[in-house]
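**Student:** Turn this into a model:
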Amino acid sequence: MTASRKTLAAGILVLLAAVLLPWGVKQFSSPPPGGENAAPSHTRTAATTRPTAKLLAADASLPAPQICPHPAGSEEHRTWLQDRGEALMDLSWNDDKESLDLILAEFSNPDPEIRADALQATLNFASQDAIPRLERVALATDSAEERQKLQDAAEYLKLPSITEVLAKRKKTDTK
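**Tutor:** As a prediction, this is how the structure comes out:
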């Protein structure tokens, strides 16, 4: 292969990576703490309960959650849930406090599917700043299953990142 063919092949590979990366991240991301068999948002049922009122009063600094304007069970409601879940995942790619606050606000949403999407977005955001909110929501939630998922997520976020582990290892090796 000549240099120009190699350059062309490298360019095509970069283009393919740029196009396929968002799909691959969504398809092959690590499973949430709930396990590999956790149901995707479009197949979950409304079996969980809303966090109690004491939680809502405790976080006045967060914006209000977005409530679906459509009746439950309607096609519009289903579409809105899917769009809101995607919006939360889009927010999880940002690295700013406002985006994290918008995600965390949805833990007080009455819709269990939105709360589950908010949990997934929080894990994707991967900020330890979310830990106190996760712990407060877990304490205020009536559902044992939802409480456990929130506690597992908080414990997961407490784990050190790979950069923290490598920095610690480098620091130990230089001593």
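
**Student:** CA atoms only: put stretch 144-163 into CSV for me.
**Tutor:** Below are the C-alpha coordinates for stretch 144-163, written out as CSV (Å, rounded to 0.1, in the frame of the first residue of the first chain):
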residue,chain,number,x,y,z
ALA,A,144,-37.1,-1.7,48.4
GLU,A,145,-36.0,-2.5,44.9
GLU,A,146,-35.5,1.1,43.9
ARG,A,147,-33.8,1.8,47.2
GLN,A,148,-31.3,-1.0,46.6
LYS,A,149,-30.5,0.2,43.0
LEU,A,150,-29.9,3.7,44.4
GLN,A,151,-27.6,2.5,47.1
ASP,A,152,-25.7,0.3,44.6
ALA,A,153,-25.3,3.3,42.3
ALA,A,154,-23.9,5.4,45.2
GLU,A,155,-21.4,2.7,46.1
TYR,A,156,-20.4,2.3,42.5
LEU,A,157,-19.7,6.1,42.2
LYS,A,158,-17.6,5.9,45.4
LEU,A,159,-15.1,3.6,43.6
PRO,A,160,-12.0,5.3,42.4
SER,A,161,-11.6,6.1,38.7
ILE,A,162,-8.9,4.6,36.6
THR,A,163,-7.0,7.9,36.7
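
**Student:** which of the residues in it are buried?
**Tutor:** Along stretch 144-163, these residues count as buried under the neighbour rule (16 or more other Cβ atoms under 10 Å): 146-147, 149-154, 156-157. (C-beta placed from N, C-alpha, C; glycine too.)

**Student:** Out of those, which comes closest to Thr122?
**Tutor:** In terms of Cβ to Cβ, no member of the buried residues of stretch 144-163 lies closer to Thr122 than Ala153, at 6.5 Å.

**Student:** Mind giving me the packing neighbours of the helix or strand that contains the closest one?
**Tutor:** When elements are defined using DSSP states H and E, Ala153 is found to belong to helix 144-158. On a contact count with 3 or more Cβ pairs under 8 Å, 6 or more residues apart in numbering; DSSP states H and E, helix 144-158 meets helix 112-125, helix 131-140.

**Student:** quick one on the thing from earlier: any chance of the buried residues of stretch 144-163 in CSV, with pLDDT too?
**Tutor:** Listed next are these as CSV, based on pLDDT from 0 to 100:
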residue, pLDDT
Glu146, 96
Arg147, 96
Lys149, 97
Leu150, 97
Gln151, 97
Asp152, 97
Ala153, 97
Ala154, 97
Tyr156, 96
Leu157, 96
